[in-house]
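1. sequence plus predicted model, see below.
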Amino acid sequence: MDPAQLSSLIDQYVIPWGIKIALALVIFYLGRAVVAMVVGAVRKLLSSRGMDEILVGFLSSILRWVLLLFVIIAALSQLGINTTSLVALLGAAGLAIGLSLQSSLSNFASGVMLIIFRPFTKGDFVEAGGATGVVDNISIFTTTMTSTDNKEIIVPNGSILSNNITNYSARPTRRVDMVFGISYDDDIRKAKQMLEEIIAADDRVLPDPAPVIALGELADSSVNFLVRPWVKAEDYWGLLWDTTETVKLKFDEAGISIPYPQMDVHLDKGE
């Protein structure tokens, strides 16, 4: 190849393509820097408004990928690539992938709903998707919980949103429902008075709403009292366990028996 042809080749291909590649790289790197600045500003704005940190992270992640997609398309367009066809191709590929990953997309959609509507958040004690525990993390596909015995539970978001959700941490107070049975031969007035004294002596019991102590049922083997005090949510289990122990000890001291189910069987002897 003679110098004239080489010079012509450089002028026709190398220089134009070199400029295009350089511009594409400039667009990509500058665009990525701008995207980082925009996402950072949006994250700070959302955090300053008191928005949940999980929701902030999720929205920031989506915004980052959407903006980066526009930057990549702009850079490819500078190289002369037909981005219209590329967008159509990406759409077709997305449709094919979506059809093959229906369950995953269902979990993704459920994750979006959970993060936007927030039936629970990090640190809440919940029963959802067949699992019970403290919420550690809500991602776009799964929710991670820690059970009361320190097991890690990973639940698909679709299972959570398609079933009932019980959030034990949603309210500052809870009612403790307890049932104590005594024998039919015991003094019900004395038993009720003792239950009232036990509940009144516990500082964790809230005065409003007032605790309910009532004779609730004449069962087959016992007379059952309903004991329903209100406490702060964090005092629920402590009061339940302490009251159960105290009632047993006080009833034993007073000679009040706590019966257990029993059956009398009578046999007739034939002649």
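-> On my side now, so go ahead.
2. going along the chain, name the strands of this structure.
-> In the chain, the segments counted as strands under DSSP state E are 125-128, 131-138, 142-146, 152-156, 165-167, 173-175, 178-182, 212-218, 223-228, 230-232.
3. so can I have CSV of those strands showing mean neighbour count and distance to residue 192?
-> From N, CA and C alone the C-beta is placed, and that goes for glycine too. Formatted as CSV, the strands of the chain follow (neighbours: other CB atoms under 10 Å; distance: least, CB to CB, whole Å):
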stretch, mean neighbour count, distance to residue 192
strand 125-128, 20, 32
strand 131-138, 18, 34
strand 142-146, 21, 40
strand 152-156, 15, 42
strand 165-167, 14, 31
strand 173-175, 16, 19
strand 178-182, 19, 9
strand 212-218, 14, 6
strand 223-228, 18, 6
strand 230-232, 18, 19
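4. now those in TSV, please, with extra columns for distance to residue 19 and mean pLDDT.
-> Listed next are the strands of the chain as TSV, based on distance: least, CB to CB, whole Å; pLDDT from 0 to 100:
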stretch	distance to residue 19	mean pLDDT
strand 125-128	57	93
strand 131-138	47	91
strand 142-146	47	91
strand 152-156	50	92
strand 165-167	58	93
strand 173-175	69	94
strand 178-182	80	94
strand 212-218	82	93
strand 223-228	79	95
strand 230-232	69	95
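5. would you turn the ones you listed into JSON lines with distance to residue 243?
-> Listed next are those as JSON lines, based on distance: least, CB to CB, whole Å:
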{"stretch": "strand 125-128", "distance to residue 243": "20"}
{"stretch": "strand 131-138", "distance to residue 243": "22"}
{"stretch": "strand 142-146", "distance to residue 243": "27"}
{"stretch": "strand 152-156", "distance to residue 243": "29"}
{"stretch": "strand 165-167", "distance to residue 243": "23"}
{"stretch": "strand 173-175", "distance to residue 243": "13"}
{"stretch": "strand 178-182", "distance to residue 243": "6"}
{"stretch": "strand 212-218", "distance to residue 243": "11"}
{"stretch": "strand 223-228", "distance to residue 243": "7"}
{"stretch": "strand 230-232", "distance to residue 243": "10"}
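6. go through these and name the closest to residue 27.
-> For the strands of the chain, distance to residue 27 was read as CB to CB. The smallest value, 35.3 Å, belongs to strand 131-138.
7. what pairs with that closest one, parallel or antiparallel?
-> Paired neighbours of strand 131-138 in the sheet (DSSP bridges): strand 125-128 (antiparallel), strand 142-146 (antiparallel).
8. which of those sits closest to residue 32?
-> Between the strands paired with strand 131-138, strand 142-146 lies closest to residue 32; by CB to CB that is 28.9 Å.
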